[in-house]
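Chemist: Next one to model:
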Amino acid sequence: MIKFFLIISSLCATLHGTSSSPALQEPAAVVILGGGVGALTSAIYLARAGIKPIVIEGPTPGGLITQSHSVQNWPGEQEITGAELAEKVRKQAEGNGAILLREEVIAVDFSKRPFTITLKNLDENNTHTLFATSVIIAMGTRPNFLAIPGESAYWGRGVTNCAICDGALYRDSVVGVVGGGDAAVIEALYLSNIARQVNVFVRKDSFRAIEGKRLAALLAKPNVKVFYRSTVEEVQGNEENVTGVLLKTAGKTSHLPLDGLFLAIGSKPNSELFKKALALDPAGYILLKKDQETSVAGIYALGDIVDPIYKQAISAAGDGAKAAMQAQQYISDWKGGIALQTIPTSSARPKREMIEITSMEQFQKELKASEVPVFVDFYATWCGPCKQITPRIESSATELAGRVKFLKVNVDQVHTLPTLYQVRSMPTALLFNKGGQIIERKVGSIQILDLLQSLESTNR
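Modeler: Residues are numbered from 1 along each chain as shown. I've put the predicted structure just below:
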């Protein structure tokens, strides 16, 4: 029996000590989804407050600002590239203790606590699960593109989608703006005070803009020319910078010289993952309550994913600071035992306690008497992964009350059961059918989580 105990201890220590997967650690206090300036600002504030956040950088570390080759409106920087700015903030976050992971979020579950986040490693292309007490979402938006020749080749070298970010680089130049909505009107108005000539390309025979006064102000500008029923067919350049566009107007194609082309055809918030988890507006932006708080307590959002208007790195950074302080207070209340807002459900269920097994006789009695499948959690008090997965198992016990019975076995207290069922690693879960036969064996947090999700899915 001592040998068996040592085997389990060794396996658990190996699993917990050498794995780089956060899924096998204690639930994180705060997980930040996104790697832009706003997300990193949250990480800095949290880390300096003694809360070590985990930052999921996603496929674009540093955010969209890294695509700007010259940033001239960031306080304290006369001029800096977007990539350099993001890297400075990134290093500051790491230097203060934030953990940055090169991973991408592929699924979330905010209906239970701790919150569940499923991740994909971008280098190894494998997946795992992370748990969090609080989550900050800073996943931004993705711009719409024309998908025409030359667009990607000259991105950042004359093609851009932010007049406020890059407009000053085109002083006394000739530029074009693509779009017919309010965003295009705003971009063109801003550029009309900087550029020598602003050409606006509208696909239809009129603007879609809602704000009439702003549109009238644009049309009154002497250096603004509107091309109706026009589409940009190709971006042209000299291999270094944009020199013009191939423009199709009322069926006729011509070359129009330009120094820069601004896309104002909208963007989409990266909020598809949260459609069933959080309240969104009709355009897909995450709705906020007080400051950065979303519709679910403990979940905060910031930056472009909540902001359809300004979309600035500096405003995202301000949002990041506020979100961090709100999350910090939430964590403090959680640790202090203050009752937190519960997630509303259509049919609230009372908490269902798992049954602690203290003897072989009790286990056999519970198994024999059960009219539903029996889930058995084998755990040890010294096992970190066991502690990490326990809140999720308890949540499922409540969710599946009356449909699945949940038992838990401390391998240090009831030695005969792990020996009988050949449990060799912590944590292990066994699922018995109504006849008392084993139908599933899962080892490790990830496999157990998959089993719980499967049980919840099939017992809805």
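Chemist: Next up, phi/psi of Ala297, please.
Modeler: When quoted as degrees, to the nearest 10, the phi and psi of Ala297 stand at phi -60, psi 140.
Chemist: What ranges does the stretch 101-250 of the chain have for its strands?
Modeler: Here the stretch 101-250 of the chain has its strands, by DSSP state E, counting those that start in this stretch, at 103-109, 115-121, 127-137, 141-143, 159-160, 174-178, 197-201, 224-227, 230-237, 242-249.
Chemist: And those strands: which comes nearest Gln328?
Modeler: Across those, Gln328 has its closest neighbour in strand 127-137 (8.8 Å, Cβ to Cβ). Quick note: C-beta positions are derived from backbone N, CA and C, even for glycine.
Chemist: Between strand 127-137 and the longest helix seen in the chain, find me the angle.
Modeler: Counting by DSSP state H, the longest helix found in the chain is helix 313-335. Angular relation of helix 313-335 and strand 127-137 on a 0 to 180 degree scale: 110 degrees, by axes from the mean of the first three to the mean of the last three Cα atoms, to 10 degrees.
Chemist: pull the CA atoms of helix 313-335 into PDB?
Modeler: Output for helix 313-335, consisting of C-alpha atoms alone and laid out as PDB, is shown next (Å, rounded to 0.1, in the frame of the first residue of the first chain):
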ATOM      1  CA  ALA A 313      -5.100  52.600 -28.200                       C
ATOM      2  CA  ILE A 314      -5.000  55.300 -25.500                       C
ATOM      3  CA  SER A 315      -8.700  54.900 -24.700                       C
ATOM      4  CA  ALA A 316      -8.300  51.100 -24.600                       C
ATOM      5  CA  ALA A 317      -5.400  51.600 -22.100                       C
ATOM      6  CA  GLY A 318      -7.700  53.800 -19.900                       C
ATOM      7  CA  ASP A 319     -10.400  51.100 -20.100                       C
ATOM      8  CA  GLY A 320      -7.700  48.500 -19.200                       C
ATOM      9  CA  ALA A 321      -6.800  50.400 -16.000                       C
ATOM     10  CA  LYS A 322     -10.500  50.600 -15.000                       C
ATOM     11  CA  ALA A 323     -11.100  46.900 -15.800                       C
ATOM     12  CA  ALA A 324      -8.100  45.800 -13.800                       C
ATOM     13  CA  MET A 325      -9.300  47.800 -10.700                       C
ATOM     14  CA  GLN A 326     -12.800  46.400 -11.000                       C
ATOM     15  CA  ALA A 327     -11.400  42.900 -11.300                       C
ATOM     16  CA  GLN A 328      -9.200  43.500  -8.300                       C
ATOM     17  CA  GLN A 329     -12.100  44.500  -6.200                       C
ATOM     18  CA  TYR A 330     -14.100  41.500  -7.400                       C
ATOM     19  CA  ILE A 331     -11.300  39.200  -6.400                       C
ATOM     20  CA  SER A 332     -11.000  40.900  -3.100                       C
ATOM     21  CA  ASP A 333     -14.700  40.500  -2.400                       C
ATOM     22  CA  TRP A 334     -14.500  36.800  -3.500                       C
ATOM     23  CA  LYS A 335     -11.700  36.100  -1.100                       C
END
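Chemist: So for the following helix or strand past it, what gets flagged as buried?
Modeler: Using DSSP states H and E, the helix or strand that directly follows helix 313-335 along the chain is strand 355-357. For strand 355-357, a neighbour-count test (16 or more other Cβ atoms under 10 Å) marks 355, 357 as buried.
Chemist: Can you name the residues in contact with strand 355-357?
Modeler: Contacts to strand 355-357, defined as Cβ atoms under 8 Å, 6 or more residues apart in numbering, come from residues 363, 366, 376, 405-410, 414, 417.
Chemist: what does stretch 427-441 give?
Modeler: Among residues not part of stretch 427-441, those counted as contacts by Cβ under 8 Å, 6+ apart are 367-368, 370-379, 383, 385-386, 389, 393, 421, 442-445, 447-448, 451, 455.
Chemist: on that earlier part again, for Glu94, which of the strands of the stretch 101-250 of the chain is the nearest?
Modeler: Proximity to Glu94 (Cβ to Cβ) singles out strand 103-109 among the strands of the stretch 101-250 of the chain, at 15.6 Å.
Chemist: Below-threshold pLDDT in the protein: ranges please.
Modeler: 1-25, 67-69, 335-352, 382-385, 388 (pLDDT under 70).
Chemist: Would you mind giving the domain segments of it?
Modeler: Taking automatic domain parsing as the domain assignment, the record places the domains of the chain at 22-140+268-335, 159-265, 355-458.
Chemist: For Leu146, find the nearest of the ones you listed.
Modeler: Among these, the nearest to Leu146 by Cβ to Cβ is domain 159-265 (6.2 Å).
Chemist: so Ala86 makes contact with Val71?
Modeler: No - taking contact to mean Cβ atoms under 8 Å, the distance of 9.6 Å between Ala86 and Val71 leaves them out of contact.
Chemist: So for the two, which residue has more residues nearby?
Modeler: When neighbours are counted by other Cβ atoms under 10 Å, Ala86 and Val71 differ, and Ala86 comes out ahead with 25 against 21.
Chemist: mind checking the SS state of the more buried one?
Modeler: Secondary structure for Ala86, judged by DSSP: H, G, I helix; E, B strand; the rest coil, is helix.
Chemist: Can you name the residues bridging to the nearest residue to it once chain neighbours are set aside?
Modeler: Take Ala86 and drop its neighbours on the chain: the residue closest to it by Cβ to Cβ, 6 or more residues apart in numbering is Gly62, 3.1 Å away. As for beta bridges, Gly62 partners with Gly36 under DSSP bridges.
Chemist: Near Gly62, how many other residues are there?
Modeler: The local packing count at Gly62 equals 22, with neighbours defined by other Cβ under 10 Å.
Chemist: which parts of stretch 221-233 are buried?
Modeler: Of all the residues in stretch 221-233, those buried under the rule 16+ other Cβ under 10 Å are 224, 226-227, 230-232.
Chemist: Closest one of those residues to Pro149?
Modeler: If you rank the buried residues of stretch 221-233 by distance to Pro149 using Cβ to Cβ, Val232 comes first, at 10.3 Å.
Chemist: and the gap between the residue lying closest to that closest one once chain neighbours are set aside and Thr253?
Modeler: Residue nearest to Val232 in three dimensions, not counting chain neighbours: Val245, with 4.9 Å by Cβ to Cβ, 6+ apart. Look at Val245 and Thr253: by Cβ to Cβ, to the nearest Å, they are 11 Å apart.
Chemist: same check, this time on Ile106
Modeler: Relative to Thr253, and taking Cβ to Cβ, Ile106 is found at 43 Å.
Chemist: repeat for Trp74
Modeler: In this structure, Trp74 and Thr253 are separated by 40 Å, where distance is defined by Cβ to Cβ.
Chemist: what about the residue nearest to Val232, how many neighbours?
Modeler: For Val245, the neighbour count with other Cβ under 10 Å is 28.
Chemist: Wait, it touches Gly237, no?
Modeler: No - Val245 sits out of contact with Gly237 when judged by Cβ under 8 Å, with a separation of 9.7 Å.
Chemist: so Gly444 makes contact with Arg424?
Modeler: No - the criterion here is Cβ under 8 Å, and Gly444 misses it with Arg424 at 11.7 Å.
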